[in-house]
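K.L.:
below are the sequence and a predicted model for it; my questions follow.
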Amino acid sequence: MASATFTVQQDTALTNSHFTLSVAQTASLRSQLKSQRGILNSNNIKQLCAQLNVSDDVLLQGLVPLASEYAVAPVSDFHVGAIVKALDEKGEVNFYFGANVEFDHQALSLVVHAEQSAINNAWLNGAKKIVKIAISDAPCGYCRQFMNELADAKEFDILLPDQQFKLAELLPHSFGPTDLGNEFSLFNPKPQQGNFSFDGLDETLARFALNAYVPYSQNFSAVKISTFSDGDFYGSYAENAAYSPSLSPLQSALSQFFLAGLSFNESTVKGITLLETAGRENQSQVAKAVLASFTHLPALKVISAPLK
């Protein structure tokens, strides 16, 4: 077992059928994506579109190879990238990057798929409506099911290198939230009125837990990854009607962590905290299984707090 060491290309230019960037321009963009944790805001997008004389949709697809560079794939060595084009609360377009994350020596079912990573990035960072998702490779059935939980599942476009689809074309006769009597969805959750009752609880961690999408288990939960010098990273639990494609809070947080271009090891990670809803706990064993893929990390701190 080993730490997940993150490396990106440093001396290559981004060149494809959509546009060409120089080595220096590509390096600058890589640095920007790292500092902004895998997000390009509306101003960034407008500047790049003007610089390259392309539309934001062309830019979206042309940047997908950069998203793939954030993949951590020690098992498959198959790097997948995805970028969500979504609207924020002001109605402005932002790009949210994502890539697959695998965990060495652990069950393959624990991986984070690129589409999950990009959607998770958008969800955690305030996106309100997904318009499109561009992917380097065709989405697997697991990802199609994950996307079917979205509020905009029937509307947004799925862009592949040479094709474009609606989700219904890729997932006909689908099973979704309404089949389980759930009228809500990811990006359109049931309003949460309660608060955790626990002295000294990290307010940000509590907020991410309360924002979790958990219509099936009611385990409002989140994870905080603290670093020595690169800030904190949070993830929330996102459930799925098919259960298996659900994204655990640790997977959610780790995906955010890797989008910042960091290595998950004892030199970077200061602490890992899981917050769960008392009486609804179901995430500690999953978190421990994922963390078993790494060595010399701080012990997982688990907080079980009542929700009132």
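P.N.:
Structure received.

K.L.:
just the strands in the stretch 101-250 of the chain please.
P.N.:
Listed in chain order, the strands of the stretch 101-250 of the chain (DSSP state E, counting those that start in this stretch) span residues 129-135, 157-159, 164-166, 222-227, 232-236.

K.L.:
and stretch 166-173, C-alpha only, in CSV?
P.N.:
Taking C-alpha atoms only, stretch 166-173 is exported to CSV below (Å, rounded to 0.1, in the frame of the first residue of the first chain):
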residue,chain,number,x,y,z
LYS,A,166,-29.5,13.1,-23.6
LEU,A,167,-29.4,10.8,-20.6
ALA,A,168,-32.7,9.1,-21.6
GLU,A,169,-31.0,7.9,-24.8
LEU,A,170,-28.3,6.2,-22.8
LEU,A,171,-30.5,5.0,-20.0
PRO,A,172,-34.0,4.1,-21.3
HIS,A,173,-36.6,2.7,-19.0
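
K.L.:
now it: average pLDDT?
P.N.:
Averaged over stretch 166-173, pLDDT sits at 95.

K.L.:
got it, and stretch 249-267?
P.N.:
On average, stretch 249-267 scores 97.

K.L.:
count the residues that sit near L307.
P.N.:
L307 has 21 neighbours, counted by other Cβ atoms under 10 Å. From N, CA and C alone the C-beta is placed, and that goes for glycine too.

K.L.:
what does G194 give?
P.N.:
For G194, using other Cβ under 10 Å, the count is 11.

K.L.:
the nearest residue to it once chain neighbours are set aside: what's it in contact with?
P.N.:
Nearest residue to G194, sequence neighbours excluded (Cβ to Cβ, 6 or more residues apart in numbering): L307, at 4.7 Å. L307 makes contact with 194-197, 220, 277-278, according to Cβ atoms under 8 Å, 6 or more residues apart in numbering.

K.L.:
for L307, name its beta-bridge partners.
P.N.:
When bridges are called by DSSP bridges, L307 pairs up with F196.

K.L.:
distance check, it against L250.
P.N.:
Per Cβ to Cβ, to the nearest Å, L307 is found 20 Å from L250.

K.L.:
try S304
P.N.:
The gap separating S304 from L250 is 15 Å, by Cβ to Cβ.

K.L.:
more neighbours, the two?
P.N.:
Taking neighbours as other Cβ under 10 Å, S304 and L250 compare with L250 leading, 27 against 15.

K.L.:
in the protein, which spans are helices?
P.N.:
In the chain, the helices defined using DSSP state H lie at 23-35, 42-52, 56-62, 64-68, 114-124, 141-147, 167-170, 203-210, 249-259, 284-291.

K.L.:
mind putting those helices into JSON lines with distance to A86?
P.N.:
What follows is these, written out as JSON lines (distance: least, Cβ to Cβ, whole Å):
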{"stretch": "helix 23-35", "distance to A86": "16"}
{"stretch": "helix 42-52", "distance to A86": "11"}
{"stretch": "helix 56-62", "distance to A86": "11"}
{"stretch": "helix 64-68", "distance to A86": "14"}
{"stretch": "helix 114-124", "distance to A86": "5"}
{"stretch": "helix 141-147", "distance to A86": "13"}
{"stretch": "helix 167-170", "distance to A86": "15"}
{"stretch": "helix 203-210", "distance to A86": "19"}
{"stretch": "helix 249-259", "distance to A86": "15"}
{"stretch": "helix 284-291", "distance to A86": "27"}
